[in-house]
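K.L.:
Please work out how this folds:
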Amino acid sequence: MPAADRYVHIVEVSPRDGLQNEKTLLPAADKIALVDRLSAAAFRTIEVTSFVSPKAVPQMADAAEVMAGITRRAGVRYAVLTPNQRGLEGALAAKADSICVFGSASESFSQKNINCSIAESLERFRPVVAAARAAGLHVRGTVSCALGCPYEGEVAPEAVVGVARELLEMGVDELSIADTIGVGTPDATSRVFDAVLALTESSRVNGHFHDTYQRALVNIDACLALGVRSFDSSAAGLGGCPFAPGATGNVATESVLEHLGARGYETHIDVDAVRQAGAWIRSRLAG
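P.N.:
Just a heads-up that it's a prediction; the model follows:
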């Protein structure tokens, strides 16, 4: 395997997607410490927090405090979620390096998650993406429920492509295709990602898998076979979506790193440091 094909970029999402569904509300100091531990483990991108309504996601109410408290390392992109203009203002004030807008391939999930239709959500994102790009931020667009919806069941690849195309046209740098409830299979994953890759090059596509049915790793393999080299994962398998019934944790970063290493891929991430960070945050959640 050529060296250029061996490197896989891992986006660590435990501070945001990992913690958002946890019932234990952690103090900002613990979240800051988690991000700092992950920075020391050599991740190049860390999803730190969300600038969202604290009523909707109480765990993220301290977003500004967490962003102000982390120790930034050169070469690390500190990313946040921003669903609207107010969220972007918070991200800019916090000096985030990257923002993410998150749409859905399912109308029902869009309504449950962000209280609007898919079309309305995309219109809401346009000025946010434009302003973020004008400010020099990296912009990611996520397509949720790309492999299945808790309310509608199967989602057609054409629905995913429709949202992905709109996000690309409005100027996102990267597409993250998310199996929000972890129902994807390798065959379904290949169909959806193959359809998305007809829109843009593989270097702009990321896979986000939950391990509800222990298929996340084989779904990652399906993406690797198509040339995708960027994946989200969460230390200790933390996470789920508060708006997606049945969604269990994200695929564990430790498992992803071991899986990739056994297949000859490189991430340049310290897996022992990740294990320690995962065990530590689990202990904090347990009280």
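
K.L.:
okay, CA-based contacts and neighbour counts for the rest of this
P.N.:
Fine.

K.L.:
Okay, strands next: where are they in this protein?
P.N.:
9-12, 45-50, 77-81, 98-104, 138-144, 174-179, 205-209, 230-233 (DSSP state E).

K.L.:
Please convert the ones you listed to JSON lines, extending it with distance to Ala198, mean pLDDT and mean neighbour count.
P.N.:
Putting the strands of the chain into JSON lines (distance: least, C-alpha to C-alpha, whole Å; pLDDT from 0 to 100; neighbours: other C-alpha atoms under 10 Å) gives the following:
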{"stretch": "strand 9-12", "distance to Ala198": "21", "mean pLDDT": "98", "mean neighbour count": "23"}
{"stretch": "strand 45-50", "distance to Ala198": "26", "mean pLDDT": "98", "mean neighbour count": "26"}
{"stretch": "strand 77-81", "distance to Ala198": "26", "mean pLDDT": "98", "mean neighbour count": "25"}
{"stretch": "strand 98-104", "distance to Ala198": "19", "mean pLDDT": "95", "mean neighbour count": "26"}
{"stretch": "strand 138-144", "distance to Ala198": "16", "mean pLDDT": "97", "mean neighbour count": "25"}
{"stretch": "strand 174-179", "distance to Ala198": "13", "mean pLDDT": "98", "mean neighbour count": "25"}
{"stretch": "strand 205-209", "distance to Ala198": "11", "mean pLDDT": "98", "mean neighbour count": "25"}
{"stretch": "strand 230-233", "distance to Ala198": "17", "mean pLDDT": "98", "mean neighbour count": "25"}
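
K.L.:
okay if I get those as JSON lines plus distance to Val251?
P.N.:
Shown next, in JSON lines, are those (distance: least, C-alpha to C-alpha, whole Å):
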{"stretch": "strand 9-12", "distance to Val251": "11"}
{"stretch": "strand 45-50", "distance to Val251": "15"}
{"stretch": "strand 77-81", "distance to Val251": "19"}
{"stretch": "strand 98-104", "distance to Val251": "19"}
{"stretch": "strand 138-144", "distance to Val251": "16"}
{"stretch": "strand 174-179", "distance to Val251": "11"}
{"stretch": "strand 205-209", "distance to Val251": "6"}
{"stretch": "strand 230-233", "distance to Val251": "5"}
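
K.L.:
of the ones you listed, which approaches Tyr265 most closely?
P.N.:
strand 9-12 (10.2 Å; C-alpha to C-alpha).

K.L.:
for that closest one, packing partners?
P.N.:
In terms of contacts (3 or more C-alpha pairs under 8 Å, 6 or more residues apart in numbering; DSSP states H and E), strand 9-12 is packed against strand 45-50, strand 230-233.

K.L.:
I'd like the ones you listed written out as a markdown table, with distance to Ala93 added.
P.N.:
Formatted as a markdown table, the helices and strands packed on strand 9-12 follow (distance: least, C-alpha to C-alpha, whole Å):
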| stretch | distance to Ala93 |
| --- | --- |
| strand 45-50 | 13 |
| strand 230-233 | 25 |
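
K.L.:
Of all those strands, which one comes closest to Glu201?
P.N.:
Set against Glu201 and scored by C-alpha to C-alpha, those come closest in strand 230-233, at 12.3 Å.

K.L.:
Report the distance from that closest one to the chain centre.
P.N.:
Its chain's average C-alpha position is 7 Å from that of strand 230-233, according to C-alpha atoms, centre = their mean, to the nearest Å.

K.L.:
Stretch 134-142 now?
P.N.:
For stretch 134-142, the distance to the chain centre is 14 Å (C-alpha atoms, centre = their mean).
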